[in-house]
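Colleague: here is a sequence with its predicted model. Questions after.
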Amino acid sequence: MKTTILSWVLRITVAIILLQTLYFKFTGAEESIYIFSALGVEPYGRIGTGILELITVILILMPTTTLLGAVLGSGIMVGAILSHLFVLGIEVEGDAGTLFALANLTLFSCLTLIFLNRDKLSNFLKLKR
């Protein structure tokens with residue numbers, strides 16, 4: 001029961017964070033354009049990342065695909081964190097590091113979901129052999 005509650009809290013946390021950023025990516029907000037221009041992938045990187053984040057939210061909210069969504073979300077967040085560390089900096093456009101903190105929170109939540117669903121992970125890997 002506690003694991004189920006924790007799982008839902010983590011899933012909803014990831015969904016809220018990613019859905020909130022989608023608005024800025026899909027509407028071409030100034031900060032999003034700045035970020036993806038600095039990375040040299042504007043506009044395709046911004047739109048592509050937004051689509052992947054939307055897929056992540058859908059997968060993570062469905063109990064049967066939570067593991068897949070958490071793996072995808074982890075990959076996206078590792079990319080975001082590395083972008084902050086090596087290109088953008090912790091603080092972007094005066095945000096006091098908010099985007100960096102949210103990326104870390106999302107990564108932590110996704111990794112915890114992977115851990116909570118580790119039995120499904122081993123079953124998934126067995127199917128692939």
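Modeller: Right, received. Where do you want to start?
Colleague: pretty sure residue 91 contacts residue 101?
Modeller: No - counting by CB atoms under 8 Å, residue 91 stays clear of residue 101, with 10.4 Å between them. Glycine gets a C-beta too; all of them are placed from N, C-alpha and C.
Colleague: shared neighbours, the two?
Modeller: Counting by CB atoms under 8 Å, 6 or more residues apart in numbering, no residue touches both residue 91 and residue 101.
Colleague: need the pLDDT of residue 3.
Modeller: With respect to pLDDT, residue 3 scores 81.
Colleague: and the helix or strand hosting it, what's buried?
Modeller: Per DSSP states H and E, residue 3 falls inside helix 2-26. For helix 2-26, burial by neighbour count (16 or more other CB atoms under 10 Å) applies to 7, 10-11, 13-15, 17-18, 21-22, 24-25.
Colleague: what comes into contact with the helix or strand following that helix?
Modeller: Using DSSP H and E, the helix or strand that follows helix 2-26 in sequence is helix 30-38. By CB under 8 Å, 6+ apart, the surrounding residues in contact with helix 30-38 are 24-25, 42-43, 45-46, 49, 83, 87-88, 92-93, 95, 99.
Colleague: can you redo these as JSON lines with pLDDT?
Modeller: Listed next are these as JSON lines, based on pLDDT from 0 to 100:
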{"residue": "24", "pLDDT": "95"}
{"residue": "25", "pLDDT": "97"}
{"residue": "42", "pLDDT": "97"}
{"residue": "43", "pLDDT": "97"}
{"residue": "45", "pLDDT": "97"}
{"residue": "46", "pLDDT": "97"}
{"residue": "49", "pLDDT": "98"}
{"residue": "83", "pLDDT": "98"}
{"residue": "87", "pLDDT": "98"}
{"residue": "88", "pLDDT": "98"}
{"residue": "92", "pLDDT": "96"}
{"residue": "93", "pLDDT": "94"}
{"residue": "95", "pLDDT": "96"}
{"residue": "99", "pLDDT": "97"}
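Colleague: biggest separation within those, which pair?
Modeller: 43 and 95 (20.8 Å; CB to CB).
Colleague: that older thread, filter the contacts of helix 30-38 down to the buried ones.
Modeller: 24-25, 42, 45-46, 49, 83, 88, 92, 99.
Colleague: who's the closest spatial neighbour of residue 78, skipping the chain neighbours?
Modeller: residue 107 (6.7 Å; CB to CB, 6 or more residues apart in numbering).
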